[in-house]
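Provided below are the primary sequence and the corresponding predicted coordinates.
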There are 2 protein chains.
Amino acid sequence: MTNDHTNQHSHPKSDLEIAQSAKMEPISTIAERKLGLDAKDLEPYGHYKAKLSLDYIKSLNDKPDGKLILVTAITPTPAGEGKTTTTVGLGDGLNKIGKKAMICLREPSLGPCFGMKGGAAGGGYAQVVPMEDINLHFTGDFHAIGAANNLLAAMIDNHVYWRENDKTGLDNRRITWRRAVDMNDRSLRQITTSLGGVVNGAPREAGFDITVASEVMAILCLATDLDDLHRRLGNIIIGYTRDKKPVLAKDINAHGAMAALLKDAMKPNLVQTLEGNPAFIHGGPFANIAHGCNTLIATKTALKLADYVVTEAGFGADLGAEKFFDIKCRKGNLKPDAVVLVATIRALKMHGGVSKEDLKTEDVSAVEKGCTNLERHLMNLQQFGVNAVVAINRFSADTTAEMDAVRKVCANFGVQAIEADHWANGGDGTLDLAHAVVEQCEKPENTFHPLYEDHTHLWNKIHTIATELYGASDIVADKKIRDQIKTLQEDYGHFPVCIAKTQYSFSSDPGLKGAPSGHVLPVREVRLSAGAEFLVVVCGDIMTMPGLPRTPAANAIHIDPDGRVAGLF
Amino acid sequence: MTNDHTNQHSHPKSDLEIAQSAKMEPISTIAERKLGLDAKDLEPYGHYKAKLSLDYIKSLNDKPDGKLILVTAITPTPAGEGKTTTTVGLGDGLNKIGKKAMICLREPSLGPCFGMKGGAAGGGYAQVVPMEDINLHFTGDFHAIGAANNLLAAMIDNHVYWRENDKTGLDNRRITWRRAVDMNDRSLRQITTSLGGVVNGAPREAGFDITVASEVMAILCLATDLDDLHRRLGNIIIGYTRDKKPVLAKDINAHGAMAALLKDAMKPNLVQTLEGNPAFIHGGPFANIAHGCNTLIATKTALKLADYVVTEAGFGADLGAEKFFDIKCRKGNLKPDAVVLVATIRALKMHGGVSKEDLKTEDVSAVEKGCTNLERHLMNLQQFGVNAVVAINRFSADTTAEMDAVRKVCANFGVQAIEADHWANGGDGTLDLAHAVVEQCEKPENTFHPLYEDHTHLWNKIHTIATELYGASDIVADKKIRDQIKTLQEDYGHFPVCIAKTQYSFSSDPGLKGAPSGHVLPVREVRLSAGAEFLVVVCGDIMTMPGLPRTPAANAIHIDPDGRVAGLF
């Protein structure tokens, strides 16, 4: 999810140009040569993308698992960190040093692609291809998720229209399910529907989220198989009765058709890196109101197919890694063997107080100051019992003295800090990192454990994360919210919590860089994702439908005279 | 587009069961063996669906064209006619008698699939497969069309949000572009957007159409290549200035990104019939506000690949065939060689005044009376200079005396009426029909011509269709509409017209069965589809967003224990 380097390095080529000049192998060749897959186990989507059949995935059950490596990052800044490029580069590096490795990434959303960010398939010489296909529709998973989301929405309003809610008790003033579209469209955030008279129903307030924010996305990413998908879809809360009892998707019999719409979206998508190594790109839930990592089924399948699996989590480690461990690993019985914490000298300087304009000037003391952020993340990772390596994602302005400062800080934690130059050099840029990661993975004992137990009270789960990881002194919430949590504890007390707060600070104040402590985390709202099986704890303003900037990236995207997509960056 | 037989015949199996028990060949085998295609010219979507590459299609330019056969029907009744099954059955029959034939169909929409109709891939033993894939997402074309439609919508509101409309002059009270979703969702017909304050924009009235009603769909279906697609998308009218000048999609620079979203959707989709014959299924515009047939690019490509191409048009011949001839054939320089007019004894009886409940009782005089409808369609087809054959789509209750009555009426026109039993017997059920169609195609001279000339005045184009085909004595419109047509004549006078009226009668009154005459066609509204390049003439209530019935088909759809879709009908 990064194009950080594009304006910083001196490549003459854009990411898309690098991607389009790559010589791709047919995906069936990659699948056969690198993963031992037969053509019949693959469902091709063109010559360079394929899905794995669910029957084949089932057949892998008894195989041993490879090593799982999570790529996460320090607290994000406008300078960029480069989790996706590091994940791709490390996968290529592991293959270069003779390991059978593959990577697992999230699928890009069309919204940011046409908005501010451009594409999201790595960058420089650490990319997955075909880049333009991955960014535009890919294999249709997100459209399928949007369709399933909107079928449920249409069935809910239809249920009320025909007054079938006399049977379920659904109160049409308490419908909570929103519609979804994979587009940045601020006009749809808050709307009134069913205007125009009786044939269109009774007007009510409603709204759209971007598809990646749909609970259906989170469900797809956590479901272990089609049965589990069906069960979870059925448990989605669509609204409440007059006496505030939840009404579920299965109460209006929508989950079967939703599952049918998602049967192909459940199959992991296989593509290749620029160096011809296999990559799953599958699912992409928000990292605030959801858990922010690729599908469980892709990760579990990759662990059966490769000896080393590198995957990434959204935002910084306080959000992304925590949710990866406490939600995804917990649900999927995964035990990560190593964690790569990505940092850039530039971002550390920003945490040390340097403005974006001054990043090219050497400033060792700012780097040292900014390292408080890195240190906090390393301490946090130790609490999960995982082995960490720091990857310093190289930019051209970085100096040796700045690098040394980071190495010194990490050494205090007994952690290696290793330069990685994959953006410019692909797998050759991560050989040292790859060796260091393998060293961590070879440690005899895996001591990973989630931060809290299932049976910990919901309130204490939030409290533990806030105090142990965020450096907060306490959490606060209005009585209404506290009562709500108390009620939810009865039926859903075993769910993990999914904290939605700003990704720009350990605190709930995006302005607090570095490693703030002593702050209080305000819980403003809780939302039950009963299908995804977690409790969303909202601690700040959360945007589930982005808008387009004044000059959207879409303005530059077009088809060139050779019929190829141009202008994606 | 029919499941008419399901409750009428005595097959023990549902359409889906027949489809799922079929032994499919890999689509690459069909493509190679039947069409001489190389694997590299195909872009597979799984093992049984593929798209043809645009480069390959371009390479066919100099090849001679095969014969083009249109399947159309009498005026539809609730009894059903069976255009899609007849198209499939005739394609199989032509192959059975040793001809190199393929068929071209429209893609089904998710909306009706989850609503009332169920699937739309033929029926009985005249189906295209894989049925469940074709009905659910297929190769993603409709989602791509929806995304392109909604990207434009988001860019329009964003344009106003940032006040960039100071440059284009777009009046935010005169935005005409609507959003789209491939779902039956009546709640979205009329909405208010951008509620919730300044960050969401200024509230305005808006709405959604079902994706198949989007002008983007009509454009995709008429575009000859990517350049033409790009040009047409740029010409879409998004709204008007304060002095009522049109503002176009290219004025906000949206057409490049829209074309990029549609680059794969432009490639025809290849599947197979139950008998292993090749079929393109590509595009599916509404047959009222648009022209109602599959893409031009699929039809033209099929003509290069096969000696006989069978395709269908929406609704009855008054709407579907007329638009096929006057819009699609005109734009694409196609000259149909034969037309098959599908009728059923049941439907003719309904035109003769019999109610749906009494259709199983023999009633020769009702059949004779209903044949006035058939006769009118045959007279109309003669006006286009095409050779027609009548196909009587067999139902089990039909009697010999009833059949003879139809044959006699047709003989008066010098037209053969031939029984077709493809629903029960596949290609074996259409051997006679296939021979008769070949006979028509072998006539030495092709006398096809559209009904009116490009340079005919728009008003006279409407008048010609109404009086020559519908049996109307005149057309009427309010002064406002007449003035509007006068203004449009200046810049768009060369466009064909696309009449949107009820499909249930030659007149604008759906209750008038048979062959009404002397009625007056009221023009209620005109809409300019400047990208699709036709003028929509609305003569009645037109629904561009259907609703779901009380018990939607979605309630029964699910995944069975073997991981297969069940409950689609």
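Perfect, thanks for sending it. Keep in mind that what you see is a predicted model, and the values were worked out from it rather than measured.

show me what the host helix or strand of residue A:369 is packed up against.
Element membership for residue A:369, per DSSP states H and E: helix A:364-383. For helix A:364-383, the elements it packs on are helix A:320-323, strand A:338-343, helix A:345-351, strand A:388-393, helix A:400-412, judged by 3 or more CB pairs under 8 Å, 6 or more residues apart in numbering or on different chains; DSSP states H and E. All C-beta spots, glycine's among them, are computed from the backbone N, C-alpha and C.

can you redo those as TSV with distance to chain B and mean neighbour count?
Shown next, in TSV, are these (distance: least, CB to the nearest CB, whole Å; neighbours: other CB atoms under 10 Å in any protein chain shown):
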stretch	distance to chain B	mean neighbour count
helix A:320-323	27	28
strand A:338-343	31	26
helix A:345-351	26	27
strand A:388-393	30	26
helix A:400-412	39	16
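
residue B:524 is nearest to which of the ones you listed?
Of all the helices and strands packed on helix A:364-383, it is helix A:320-323 that lies closest to residue B:524, at 55.6 Å by CB to CB.

hmm, residue A:266 and residue A:52 touching each other?
No: assessed by CB atoms under 8 Å, residue A:52 is found out of contact with residue A:266, at 10.2 Å.

identify each buried residue in the helix holding residue A:369, please.
If you call a residue buried by 16 or more other CB atoms under 10 Å in any protein chain shown, then helix A:364-383 has these buried ones: A:364, A:366-378, A:380-381.

residues in contact with the residue lying closest to residue A:287 once chain neighbours are set aside?
Distance criterion CB to CB, 6 or more residues apart in numbering or on different chains; nearest residue to residue A:287, sequence neighbours excluded, is residue A:314 at 2.8 Å. Shown in contact with residue A:314 (CB atoms under 8 Å, 6 or more residues apart in numbering or on different chains): A:1, A:106, A:286, A:287, A:292, A:293, A:320, A:323, A:503.

just the closest residue of the stretch 251-400 of chain A to chain B, please.
Per CB to the nearest CB, the residue of the stretch 251-400 of chain A with the smallest distance to chain B is residue A:256, at 3.0 Å.

torsion angles phi and psi at the nearest residue to that residue once chain neighbours are set aside?
Computed as CB to CB, 6+ apart, the closest residue to residue A:256 that is not its neighbour in sequence is residue B:558, at 3.0 Å. The phi and psi values for residue B:558, taken as degrees, to the nearest 10, are phi -160, psi 180.

which strand residues bridge residue B:558?
residue B:566 (DSSP bridges).

any idea how far residue B:210 is from it?
In this view, residue B:558 and residue B:210 are 24 Å apart by CB to CB, to the nearest Å.

of the two, which one has the most company?
Per other CB atoms under 10 Å in any protein chain shown, whichever of residue B:558 and residue B:210 has more neighbours is residue B:210, with 26 against 19.

now that one: phi and psi?
Residue B:210 adopts backbone torsions of phi -70, psi 140, taken as degrees, to the nearest 10.

of all the helices and strands packed on helix A:364-383, which one comes closest to residue B:349?
Across the helices and strands packed on helix A:364-383, closest to residue B:349 is helix A:320-323 (CB to CB), at 64.6 Å.

from the contact counts, what lies against the closest one?
The contact analysis (3+ CB pairs under 8 Å, 6+ apart) places helix A:320-323 against strand A:67-73, helix A:364-383, strand A:497-500.

try 7 Å
For helix A:320-323, the packing partners by 3 or more CB pairs under 7 Å, 6 or more residues apart in numbering or on different chains; DSSP states H and E come out as strand A:67-73.

the strand it packs on pairs with which strands?
In the sheet, strand A:67-73 lines up with strand A:308-312 (parallel), strand A:338-343 (parallel) (DSSP bridges).

mind listing what's buried in stretch A:427-445?
Under 16+ other CB under 10 Å, the buried positions of stretch A:427-445 are A:427, A:429-438, A:440-441.

and of those, the nearest to residue B:421?
Using CB to CB, the shortest approach to residue B:421 within the buried residues of stretch A:427-445 belongs to residue A:427, at 63.1 Å.

state the distance from the nearest residue to that closest one once chain neighbours are set aside to chain B.
Nearest residue to residue A:427 in three dimensions, chain neighbours excluded: residue A:92, at 3.1 Å (CB to CB, 6+ apart). Here the criterion is CB to the nearest CB, to the nearest Å. By it, residue A:92 lies 27 Å from chain B.

for residue A:530, same thing?
Relative to chain B, and taking CB to the nearest CB, residue A:530 is found at 20 Å.

in a markdown table: the contacts of residue A:314, plus pLDDT, distance to residue A:45 and secondary structure.
Listed next are the contacts of residue A:314 as a markdown table, based on pLDDT from 0 to 100; distance: CB to CB, whole Å; DSSP: H, G, I helix; E, B strand; the rest coil:
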| residue | pLDDT | distance to residue A:45 | secondary structure |
| --- | --- | --- | --- |
| A:1 | 33 | 22 | coil |
| A:106 | 97 | 18 | coil |
| A:286 | 93 | 25 | coil |
| A:287 | 91 | 26 | coil |
| A:292 | 95 | 25 | coil |
| A:293 | 96 | 23 | strand |
| A:320 | 97 | 28 | helix |
| A:323 | 98 | 29 | helix |
| A:503 | 94 | 32 | coil |
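
looking at these, which is nearest residue A:343?
Using CB to CB, those come closest to residue A:343 at residue A:320, 14.0 Å.

grab the nearest non-local neighbour of that closest one.
That would be residue A:313: by CB to CB, 6+ apart, it lies 3.3 Å from residue A:320.

so what's that neighbour up against?
A:70, A:72, A:292, A:293, A:320, A:321, A:323, A:324 (CB atoms under 7 Å, 6 or more residues apart in numbering or on different chains).

let's see the pLDDT reported for it.
Looking at residue A:313, its pLDDT stands at 95.

re earlier: and the helix holding residue A:369 with strand A:67-73, angle?
Comparing the axes of helix A:364-383 and strand A:67-73 via axes from the mean of the first three to the mean of the last three CA atoms, to 10 degrees yields an angle of 140 degrees.

rounded mean pLDDT for helix A:364-383, please.
Averaging pLDDT along helix A:364-383 gives 97.

try stretch A:92-103
In this model, stretch A:92-103 has a mean pLDDT of 98.

tell me which residues are up against that stretch.
With CB under 7 Å, 6+ apart as the criterion, stretch A:92-103 contacts A:87-88, A:91, A:126, A:273, A:275, A:277-280, A:302, A:305-311, A:426-428, A:430-431, A:433-435, A:438.

what about those, which are in strands?
Under the assignment DSSP state E, those contribute A:126, A:273, A:278, A:279, A:280, A:308, A:309, A:310, A:311 to strands.

which SSE is the closest residue to the third one other than its chain neighbours in?
Same thing as residue A:278. Once flanking residues are discounted, residue A:278 sits nearest to residue A:102: 4.5 Å by CB to CB, 6+ apart. Element membership for residue A:102, per DSSP H and E: strand A:101-105.

angle of that strand against strand A:308-312?
Going by the same axes, to 10 degrees, strand A:101-105 makes 20 degrees with strand A:308-312.

okay, strand A:101-105 in PDB with CA atoms only?
Listed next in PDB are the C-alpha coordinates belonging to strand A:101-105 (Å, rounded to 0.1, in the frame of the first residue of the first chain):
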ATOM      1  CA  ALA A 101       8.600 -18.500   0.200                       C
ATOM      2  CA  MET A 102       5.400 -16.700  -0.800                       C
ATOM      3  CA  ILE A 103       3.600 -13.600   0.200                       C
ATOM      4  CA  CYS A 104       0.100 -12.600   1.200                       C
ATOM      5  CA  LEU A 105      -1.300  -9.200   0.600                       C
END
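
within its sheet, name the partner strands of that strand and how each one runs.
strand A:278-281 (parallel), strand A:308-312 (parallel).

for chain B, what's its nearest residue on the stretch 351-500 of chain A.
The nearest approach of the stretch 351-500 of chain A to chain B comes at residue A:500, 18.5 Å away (CB to the nearest CB).

so which two of the buried residues of stretch A:427-445 are the farthest from each other?
A:429 and A:441, at 20.0 Å, using CB to CB across the buried residues of stretch A:427-445.
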